[in-house]
Every structure is written in structure tokens, then in C-alpha cells.
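Here's a sequence, model it:
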Amino acid sequence: MQELRDNLDVALPILGVFACLDDHTNINKNVLYAIKSMFKENVFQTVIPRNIAIEEAHNQTTSLFEYQPKSKGAKAYDVFLTRFEIIA
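As a prediction, this is how the structure comes out:
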């Protein structure tokens, strides 16, 4: 983020941070705790779960919403986007 700010020479605000590809492991819980400790109220509540459809859509170079719109990953992103739209 700082490199972008330096190269573009503009002020880019951080609107928030969200966790993605959560797999409910202890390492992931520790990482999420560290993110929340560092960014505090700037961490969005929505956490995107690890989901094979996300990876498959990426490999197919297509939108997750086109590839598998009813997958857990697509639903989680939809929740995030809906919440984000409300605050933006």
C-alpha cells in the first residue's frame, strides 16, 4: 500500500481490511487475531471462507459469480459487498 502511495504520489485511504480464505485452522485464527489487533475497527466483519470454487474460478479466469454463484465463497463475497456498499 505504501509503495502505491509513493509511486502514485496520491493519498490512498484504507477503507478497511477483510480476511479471505479462512479455513478455521489455529494458524488462521492467529493471523486473524493479529490483523484485528493491528487494524482494530478497520477490520470488516465478513470473513471469506476457503472455498474450492474461488480457486477454480481464478484458474478459469472467470468471475466467481459467473462460475459458481451459489458457492459459499460467492455468498460470503456477496455479503461483504452488500455490507461494504452500505458504509461506502
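
For the helix or strand that contains Met38, name the packing helices and strands.
Assigned by DSSP states H and E, Met38 belongs to helix 26-39. If you count contacts as 3 or more C-beta pairs under 8 Å, 6 or more residues apart in numbering; DSSP states H and E, helix 26-39 packs onto strand 17-22, strand 43-49. (Each C-beta comes from the backbone N, C-alpha and C, glycine too.)

Point to the helix or strand of the protein where mean pLDDT is at its lowest.
helix 2-8 (a mean of 73; mean pLDDT, DSSP states H and E).

how far is that helix from where the chain is centred?
Centroid displacement of helix 2-8 relative to its chain, using C-alpha atoms, centre = their mean, to the nearest Å, is 21 Å.

chain center to the helix holding Met38, what's the gap?
With C-alpha atoms, centre = their mean, you get 14 Å for helix 26-39.

And the contacts of it?
Contact with helix 26-39 is made by 14, 16-17, 19, 22, 43, 47, as judged by C-beta atoms under 8 Å, 6 or more residues apart in numbering.

Can I get it in PDB? Just the C-alpha atoms.
Extracted as PDB, the C-alpha positions of helix 26-39 are listed here (Å, rounded to 0.1, in the frame of the first residue of the first chain):
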ATOM      1  CA  ASN A  26      -5.300 -22.400  14.500                       C
ATOM      2  CA  ILE A  27      -2.800 -20.500  12.300                       C
ATOM      3  CA  ASN A  28      -5.600 -18.800  10.500                       C
ATOM      4  CA  LYS A  29      -7.200 -17.800  13.900                       C
ATOM      5  CA  ASN A  30      -3.800 -16.400  15.000                       C
ATOM      6  CA  VAL A  31      -3.500 -14.400  11.800                       C
ATOM      7  CA  LEU A  32      -7.000 -13.000  12.100                       C
ATOM      8  CA  TYR A  33      -6.300 -12.000  15.700                       C
ATOM      9  CA  ALA A  34      -3.100 -10.200  14.600                       C
ATOM     10  CA  ILE A  35      -5.000  -8.400  11.800                       C
ATOM     11  CA  LYS A  36      -7.700  -7.300  14.300                       C
ATOM     12  CA  SER A  37      -5.100  -6.200  16.800                       C
ATOM     13  CA  MET A  38      -3.300  -4.100  14.200                       C
ATOM     14  CA  PHE A  39      -6.200  -2.600  12.300                       C
END
